[in-house]
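In: what's the 3D shape of this:
(chains A and B)
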Number of protein chains: 2
Amino acid sequence: MSNVDQQLEDTRETIVSEVPNDITITDVTYEGPELVIYTRDPKSFAENGDLVRRLASKLRKRITVRPDTDVLAPPREAREEVLSVIPEEATVTDLDFHEDTGEVVIEAEKPGMVIGRHGSTLREITQQVGWTPEVVRTPPIESSTVSNVRNFLKQEREDRRDILERVGRQIHREEMSDDEWVRITTLGCCREVGRAAFILSTPETRVLIDAGDKPGAEDEYPYLQVPEALGVGASSLDAVVLTHAHLDHSALIPLLFKYGYDGPIYTTEPTRDLMGLLTLDYLDVAAKEGRSPPYDSEMVREAIKHTIPIEYGDVTDISPDIKLTLHNAGHILGSAVSHFHIGDGLYNVAFSGDIHYDDTRLFNGAVNEFPRVETLVLESTYGGRNDYQTDQEDSEQRLKEIIRDTYEQGGSVLIPAFAVGRSQELMLVLEEAMREGDIPEMPVHLDGMMWEATAIHTTYPEYLRDDLRDRIFHDDENPFLADQFNHIDGGEEERQEVTDGEPAIVLSTSGMVTGGPIMSWLEHFGPDPDSTLTFVGYQAQGTLGRRIQNGWDEIPIGNNGRGRGNTLSLEMNVETVDGFSGHADRQGLENFVKTMNPRPEKVLCVHGDESSVQDLSSALYHEYNMRTFAPKNLETFRFV
Amino acid sequence: MSNVDQQLEDTRETIVSEVPNDITITDVTYEGPELVIYTRDPKSFAENGDLVRRLASKLRKRITVRPDTDVLAPPREAREEVLSVIPEEATVTDLDFHEDTGEVVIEAEKPGMVIGRHGSTLREITQQVGWTPEVVRTPPIESSTVSNVRNFLKQEREDRRDILERVGRQIHREEMSDDEWVRITTLGCCREVGRAAFILSTPETRVLIDAGDKPGAEDEYPYLQVPEALGVGASSLDAVVLTHAHLDHSALIPLLFKYGYDGPIYTTEPTRDLMGLLTLDYLDVAAKEGRSPPYDSEMVREAIKHTIPIEYGDVTDISPDIKLTLHNAGHILGSAVSHFHIGDGLYNVAFSGDIHYDDTRLFNGAVNEFPRVETLVLESTYGGRNDYQTDQEDSEQRLKEIIRDTYEQGGSVLIPAFAVGRSQELMLVLEEAMREGDIPEMPVHLDGMMWEATAIHTTYPEYLRDDLRDRIFHDDENPFLADQFNHIDGGEEERQEVTDGEPAIVLSTSGMVTGGPIMSWLEHFGPDPDSTLTFVGYQAQGTLGRRIQNGWDEIPIGNNGRGRGNTLSLEMNVETVDGFSGHADRQGLENFVKTMNPRPEKVLCVHGDESSVQDLSSALYHEYNMRTFAPKNLETFRFV
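Out: As a prediction, the model looks like this:
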């Protein structure tokens, strides 16, 4: 009997001795990080409200209880009973019975009403039909990404069960080494922005954290090929953890599967969906620019299939000696500070990923409280000595001023913006400004992936800022559904209509004017001296956005599909409003560390230009007397 | 045509265009780091004294010229002609013709006379018989190690040619990477003494420097199994460099071949032979102590077969982007400071290995002048703030005093000593002291591997200190051949005779009284209050030597083959004389760095207890304002 089987047998005996005699346990298995208990008596389990919690605490495992298949009501009968238990206002949009696991997936517009107070409705469902209900939200705005991901996972259910079982056995394998050490190897984003990638390793376990591309340097990948990364074979990794979906952290995640990786990706559910959206777009853009992308869309599907979503705050075993907990990072939807607890109290490392320390309209500020943490790997995008940004309130005032002025002279405001994060923040600013009469009511057109990204935001309101979530949950005041917002889905024709119509605001990708529909909008509005082009985000060196900021007014409208291979004279006004960044500025980074609880002993400053990481590293050392480092790529630090 | 073949073809054309028309080139191949030119006209080549040097400088390669086989005189004829050219006083002891390479190996007691002034005799041999002479020294003291190694290599000649050709093609392969970086990974001997091992890596090349055991902790190997070492497969290493033969640097070199390594080991010739001697003894000791050694003697033979010996000062290509030069380290016979020149002027790293900075009787002090060096990896055995040793002259006075006093009271002096290094230093001290009448003439008995180690020293006098070498070369005053020295080869019976005889000096292994013949000597002399046990080397924590130093006088004479499983009451005097270490002391280490030319930018302090490396690192930082580090094992530093 293998070690894992022996362990399961022992666990089963413990469970049998713990549950009341009238509950029959038929099987105990691992499914990813969870222990799954099959029983003939799901109703008794459900009635015994405290039982699962007691078992979880005794076994120190996350536990799921499933009915044995022969106690299930047939789906046809069950469907009616389930619907009769759920209040009609919950608005169930889909019911899906999985006979292999005894689960019924309930998609509803108001998941809270399906769950009921403290899970009472869920328990009632189990008691009535035996099936284990799993609830997902019907996206308030239809998202093709979310529905594609859900349909794909439904279709790949069997494969996925195999993956989860394999991963489960891997996680719960016996520890083999007597040795004790903890190491971090830097594979990218050190003394530079982009291509984030780290290896966290112990004698037992190797984890890859992020695998991104480098914007503006398409051929500079993280050093995945070195021995300590994938050089020993992609299958030597135990786990991949993705901090958030931006391409400089996620673009090469699918590539791992081309290299033979076949293990889990731990991240939040919205990050999974956004990663799907953004990496598919990454392939699209590469193809359009005539580059051959390093993988194809099949690998994106593999990545999604191998994702094990975890929620903020859930402590999850990812290997025999590492527990992972994700915490809100405040940067974009689903972004996570990733905390690793290693060994039995041996060591703790937190990777900040990208963070925003203060609350924004969209998100609560990044979490910086942990049970323990000795080393922090900290992003330093704005770590430079002068990287203090304008207060967002002042920035909002300035933006509104620009909008008012432009409106008064009969022009429109064109804002290049990233699809994920900043666009939604701006939508909230504009919605409120119009609602409160700060700026005139006018249409706000969203072009590019922005609408789709917004739809994903509304699917996961749990990941948004408290009061925003409450508005969406309780008050039916979902600001993203405001009437002003219009999805540009009619292509060039609709753009021409907008141009010919009344003053409006247009948000369009790409955020740095490197391609996408913004190019077309520039052609439409560029010659209009009454309209204003307004930059609200960082424009990298070498991008057209940066050049326009610097005063270029002869724009090559090149051969990018729509272009006429010609030059455009830019007559519109050009303005820049900073302060809308998704990153903590220098003060925010310092505050994150200063108020961190507990304060870490060591900080590795990464993900910033050379001067930014040096400045921040030196400041943290002098102000808080901690050991700080500004690593280079390809270094390995040992902590125990 | 492969890239290497193309390169050889181009090289051949260059050579043909450079040599006079009357010289026919029949083949050009790589043999390890050397370029071998086959010609029908070896005599013309030999006459044209400058030609080889000119070609070497033009092609930037080490060059060997060999005669095409069909211009060779048959061995039987050639033998007589060769012997007629060499002066009789050279005393040729063996002649060995290798038809595959056209080489004749000449073993002689006076190799210098075979070579002749500026190589004139060698050239004459080639002119007479076509064969290329290679000269080796007849060991002045018969060494079974040296003769075993030579016979083995003779027998494995064909295999060895295959290895050399393969290695040659590897070294001269095309560079594949556009990337530039230089890294050092620490696998052992960091914040500890023992288990030396480092990886030096570039995008192109991975080199292992040393692979030793840890004295007193037999199961603590260097971290060879991690991905960045052998985790990606032993065959991923381009080269192994061995700084010297002591087991804490060499013990696991043969293990590499068990793991599948099949590439070259670069080291000096005496280190190769001493490694053979010491690793075979390592296997022996393990077997006697009932431990199962990690490899068998077959692997030692593999290591010897794969060794490419290089001489101090020779710049050797070991991969497309790394050139290695070994320099005298002053520590033991053949010990080398290993200098790596990386890329075309990109970076330079020197590994000190173990060093002695000042001249000793045996060796010149360690070399610390290099064309360039940015990073030094420095041993720190005596790097602690109080690690200043007694001056060797004072130590010698003290030792002679002890010998005189003991002699006067009719006793003998028993000195536990390491076979390699310290024993030979002591022999020189004793020989001189007796010659100059400082101590009475008396027999000096050498027990254990000491005699064999001494024989190896006399085989390679080029590696000894200038004036000692001169004495051996020119004056027939080889001090190791002095009459007083007696090799104990008659076992227990001879030891009994020595004990019963006149006062004498006995040097015996092991140096820390952890086994070996010293145990028997203790039984013989232990009860004699007129005799003196004198420690001259470091006694590690936990060894019997250390305990006796600390005052133990009841010695367990255990079951180690000869013992009676009993207790021995130690009645003899116990003295300690320090100052005979093979390591630089704190002052020596500082002087090595202070006078180093050029001064390196960075120093990694390794191979010392935690406090020693910290002390030295901190002192070098403050005194010389260089960046210094006290690495842990399993870290990776990047330099470019």
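
In: how near is residue A:404 to residue A:443?
Out: The spacing between residue A:404 and residue A:443, counted by Cβ to Cβ, to the nearest Å, is 16 Å. Quick note: C-beta positions are derived from backbone N, CA and C, even for glycine.

In: And residue A:199, by the same measure?
Out: 48 Å.

In: quick one, which of the two is more surrounded?
Out: The residue with more neighbours, out of residue A:199 and residue A:443, is residue A:199; 22 against 16, by other Cβ atoms under 10 Å in any protein chain shown.

In: Which secondary structure elements does the one helix or strand that one maps to sit against?
Out: Here residue A:199, judged by DSSP states H and E, is contained in strand A:197-201. Applying 3 or more Cβ pairs under 8 Å, 6 or more residues apart in numbering or on different chains; DSSP states H and E, we find strand A:197-201 packed against strand A:183-188, strand A:206-209.

In: Paired strands for that strand, with orientation please.
Out: strand A:183-188 (antiparallel), strand A:206-209 (antiparallel) (DSSP bridges).

In: list the contacts for the closest residue in space to residue A:511 that isn't next to it in sequence?
Out: Leaving out its chain neighbours, the residue that sits closest to residue A:511 by Cβ to Cβ, 6 or more residues apart in numbering or on different chains is residue A:418, at 3.9 Å. For residue A:418, the contacting residues are A:509, A:510, A:511, A:537, by Cβ atoms under 8 Å, 6 or more residues apart in numbering or on different chains.

In: out of those, which are inside strands?
Out: Among these, the subset assigned to strands under DSSP state E is empty.

In: What ranges does the stretch 101-250 of chain A have for its strands?
Out: Along the stretch 101-250 of chain A, counting by DSSP state E, counting those that start in this stretch, strands occupy A:103-108, A:132-137, A:183-188, A:197-201, A:206-209, A:239-241.

In: want to throw these into JSON lines with mean pLDDT?
Out: Listed next are these as JSON lines, based on pLDDT from 0 to 100:
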{"stretch": "strand A:103-108", "mean pLDDT": "93"}
{"stretch": "strand A:132-137", "mean pLDDT": "90"}
{"stretch": "strand A:183-188", "mean pLDDT": "98"}
{"stretch": "strand A:197-201", "mean pLDDT": "98"}
{"stretch": "strand A:206-209", "mean pLDDT": "98"}
{"stretch": "strand A:239-241", "mean pLDDT": "98"}
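
In: Is it correct that residue A:415 is in contact with residue A:508?
Out: Yes: with contact defined as Cβ atoms under 8 Å, residue A:415 counts as touching residue A:508 (7.4 Å).

In: Spell out which residues of chain A are next to chain B.
Out: A:181, A:183, A:185, A:206, A:226-229, A:231-232, A:236, A:632-638 (Cβ under 8 Å from any Cβ of the partner chain).

In: Give me the sheet partners of the one helix or strand residue A:415 maps to and which way each runs.
Out: Using DSSP H and E, residue A:415 sits in strand A:413-416. According to DSSP bridges, strand A:413-416 forms sheet pairs with strand A:505-508 (parallel), strand A:532-535 (parallel).

In: rewinding a little: from the contacts of residue A:418, which is closest to chain B?
Out: residue A:510 (28.5 Å; Cβ to the nearest Cβ).

In: Next, count neighbours for that closest one.
Out: Counted with other Cβ under 10 Å, residue A:510 comes out at 21.

In: what residues are up against it?
Out: Counted by Cβ under 8 Å, 6+ apart, residue A:510 has contacts A:416, A:418, A:448, A:516, A:518.

In: Same question for residue A:104.
Out: A:78, A:82, A:95, A:96, A:97, A:98, A:125, A:129, A:131, A:132, A:133, A:134.

In: what is the mean pLDDT for stretch A:571-582?
Out: When pLDDT is averaged along stretch A:571-582, the result is 92.

In: What are the buried residues along it?
Out: For stretch A:571-582, the neighbour count (16 or more other Cβ atoms under 10 Å in any protein chain shown) marks A:572, A:573, A:574, A:575, A:577, A:578, A:579, A:580, A:581, A:582 as buried.
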